[in-house]
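Asker: return atomic coordinates for the entry below.
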Amino acid sequence: MPPPALSPALLPLPPRRPSALALPLALPLALSLALPLALSLAACGDPSTTPPPAAGAAAGAAPGAAPGLRALLDAYLTPSCAQEACHGGERGIAGLRLVEAEEAHAALVGAAPTNANAAEGGLLRVTPGDVERSYLWQKLTLSQQALAEAGLGAAMPIAGRAPGARTLDAVRAWIEAGAPLDGAALSADDLSADDLDEGAARVEDAYVQCAVDPSVTATRAREEAFEACFAAPEDAERTRRLYTPVITIPPRTERLVCSYLSAPIDAPMWVNRTVGQQMTGGHHAAVFLAVSPSDEPPHECRDDEMSNFRFAAGAGGGGGQDTDLPDGVALKIEPGQQFVIQSHYINATDAPMEVMDAVDLVQVEEETVRERVDPFAIIYSELDIPARAEGFEVRKTCRLQSPISVYMLLGHTHDAGVLFEFIHHAGGLGAGAARTLYRATDGPLLRDNPEIKYFDPPLPFAADDVLEVVCRWDNPSDEALGWPDEMCVALMYYGPGAGWMTCDTHDEVPNVAGRGEGEGEGEGCVPPDAPGNALGVGRACTASGGECASAERARLCLATFDARANFCSFLSCASDEECGEGAVCLAQGPATACVPVMCAE
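Answerer: Have a look, this model is predicted:
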């Protein structure tokens, strides 16, 4: 039985031996990625940074005179929105910097938004003379719920106080006057907590407010105090709630924090809905499953560990992007896995923030599920984007072997990305009309804030249809870019789900994790009662049996990816000694794993 190749997805795992040494397992590339989920035009701010009115400034736009963008920037937009993590820095989220007046004017007035729902709805970032067709006005005035329902991202500013009546009057007057660069002076105000009601709440309604007594210092007692700030789940019997530990966000920073949760999954879960709650400054939360479990404390997410994550669900938070599948459709989560919550926060203040996230996984009974969904990733991983390249493009096609329905779709590149497209070719390339189902042009958004498209009814794809992913980059650096510094991935929920499915660089058709090559499941390479060594390496396991959960270190069952590799292991080994008695550290390409000697021959 010829052994399949180990995919080079698990990066950066140091090569241990030549790539000609094939391992008896097949780990699909990019088992999941850091795909932060949320808004497409975010802004942040801190009300304490709003400057006082200038001497002699009018209290709002004078009758017959509208403010100009220079005055709006000085009084409100720059101090509230132009932090390094938001619409400041070298590029700014969504390519929008609210720092220099001329640059901001060109990027706002008459410009199309990067949010596809806004663009398809006929909005411009600022439509001169038309407040209601200005995306900026929607972001400043609509509630978080209304924005989320329309797919327009988060309320603005994301980490500060909403604009008050005087500020909004000035913005309206500016737009109605044609959005001039220069105009009358103004003083800005913030929305007072006393003014909030159901119709006026814009930012505060997205966050859980929490004040914990600083004298409570014991770790568990402090966690319990934070947990008490969250309202109980609406349906506690059907909901599994996940809490992160308490996370500290330094002042004036943006952080993407990964928290490995200690409680493993002990029974199959059928999840139909995921709801996230965050505290002030939250941008999004997302739920992943760890391929290789970890005891690490919460830490800033690393690019190298993203290949250890399998995307499970978006969980809203400040960005308002919860997962909500149609009735009768559910994602199956197998036992023996570990949850990871990825928390994105922006601290626009001058003091550290302590925060916590809560994520509710709403479950349904298996007998009510008419369609199981699983993740499906189309990936181009062998990237080599030359230094100083402009418009460097790759195309990846994948031919379906059986019909599927797609319920969710998003695209992912990193900062150098300038185009992502997902194209459906019915009947194959050149056989019929091509449909572009997803298009985005802003790399930072595709990295941190990809738009998520849900489909109800789902998109029907037939056998022999071809799905094409197009990615394009401008590389401004003096060095070539490769994986994982840059990525090109389309991620979907598909049904009927048969497991985690990938279509990698050289794959013509999709592969499903857990299946051996060919039609059968394959024969395991260790006996079904193999105990493994002291670390657990070589213990017999099944893809969903949870046999590795109690192992000293080898808590990953490689049968999840190839039924022939029916043993517990761990990844990123550096030596045979690290794998323990009777096992060796094998590599192919950049990936390494501990393998029992009997399976390595």
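Asker: strands along the stretch 151-300 of the chain, start to end?
Answerer: 207-208, 239-243, 247-249, 253-260, 269-279, 282-290, 299-300 (DSSP state E, counting those that start in this stretch).
Asker: let me have these in CSV, extended by distance to residue 458.
Answerer: All C-beta spots, glycine's among them, are computed from the backbone N, C-alpha and C. Converted to CSV, the strands of the stretch 151-300 of the chain look like this (distance: least, Cβ to Cβ, whole Å):
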stretch, distance to residue 458
strand 207-208, 32
strand 239-243, 25
strand 247-249, 36
strand 253-260, 30
strand 269-279, 14
strand 282-290, 21
strand 299-300, 36
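Asker: could you tell me how many residues sit around the nearest residue to residue 276 once chain neighbours are set aside?
Answerer: Taking Cβ to Cβ, 6 or more residues apart in numbering as the measure, residue 276 lies nearest to residue 315, with 3.0 Å between them; neighbours along the chain are not counted. Residue 315 sits with 29 neighbouring residues when counted by other Cβ atoms under 10 Å.
Asker: for residue 140, same thing?
Answerer: Summarising burial for residue 140: neighbours were counted as other Cβ under 10 Å, giving 22.
Asker: equivalent analysis for residue 178, please.
Answerer: Burial of residue 178 is recorded as 12 neighbouring residues (other Cβ under 10 Å).
Asker: now do the contacts for the residue nearest to residue 363 when sequence neighbours are not counted.
Answerer: Taking Cβ to Cβ, 6+ apart as the measure, residue 363 lies nearest to residue 238, with 5.2 Å between them; neighbours along the chain are not counted. Remark: with contacts taken as Cβ atoms under 8 Å, 6 or more residues apart in numbering, residue 238 is in contact with 362, 363, 364.
Asker: repeat that for residue 334.
Answerer: 265, 268, 543, 544.
Asker: can I assume residue 147 sits in a strand?
Answerer: No - the assignment for residue 147, made by DSSP: H, G, I helix; E, B strand; the rest coil, is helix rather than a strand.
Asker: any idea how far residue 95 is from it?
Answerer: Counting by Cβ to Cβ, to the nearest Å, the gap between residue 147 and residue 95 amounts to 20 Å.
Asker: who's more crowded, those two?
Answerer: Taking neighbours as other Cβ under 10 Å, residue 147 and residue 95 compare with residue 147 leading, 23 against 16.
Asker: would residue 75 count as being in a strand?
Answerer: No - going by three-state DSSP, the assignment for residue 75 is helix, not a strand.
Asker: residue 308 against residue 292, yeah?
Answerer: Yes - distance between residue 308 and residue 292: 5.4 Å, which falls inside the contact criterion (Cβ atoms under 8 Å).
Asker: what sits in contact with each of these two?
Answerer: Any residue near both residue 308 and residue 292 by Cβ under 8 Å, 6+ apart counts here, and that gives residue 571.
Asker: so which of these two has more stuff around it?
Answerer: Each of residue 308 and residue 292 had its neighbours counted (other Cβ under 10 Å), and the higher figure belongs to residue 308 (26 against 21).
Asker: now that one. Nearest residue, chain neighbours left out?
Answerer: Looking at residue 308 with Cβ to Cβ, 6+ apart, the closest residue is residue 291, at 5.0 Å.
Asker: I figured that neighbour hits residue 560, correct?
Answerer: Yes - if you go by Cβ under 8 Å, residue 291 and residue 560 touch, sitting 7.4 Å apart.
Asker: I figured residue 444 hits residue 413, correct?
Answerer: No - under the criterion of Cβ under 8 Å, residue 444 makes no contact with residue 413, lying 9.5 Å away.
Asker: out of these two, which sits in the busier spot?
Answerer: Each of residue 444 and residue 413 had its neighbours counted (other Cβ under 10 Å), and the higher figure belongs to residue 413 (25 against 19).
Asker: quick check: phi and psi on the more buried one?
Answerer: Its backbone dihedrals place residue 413 at phi -130, psi -170, with angles given as degrees, to the nearest 10.
Asker: tell me the pLDDT of it.
Answerer: Predicted confidence (pLDDT) for residue 413: 92.
Asker: cheers, nothing more for now.
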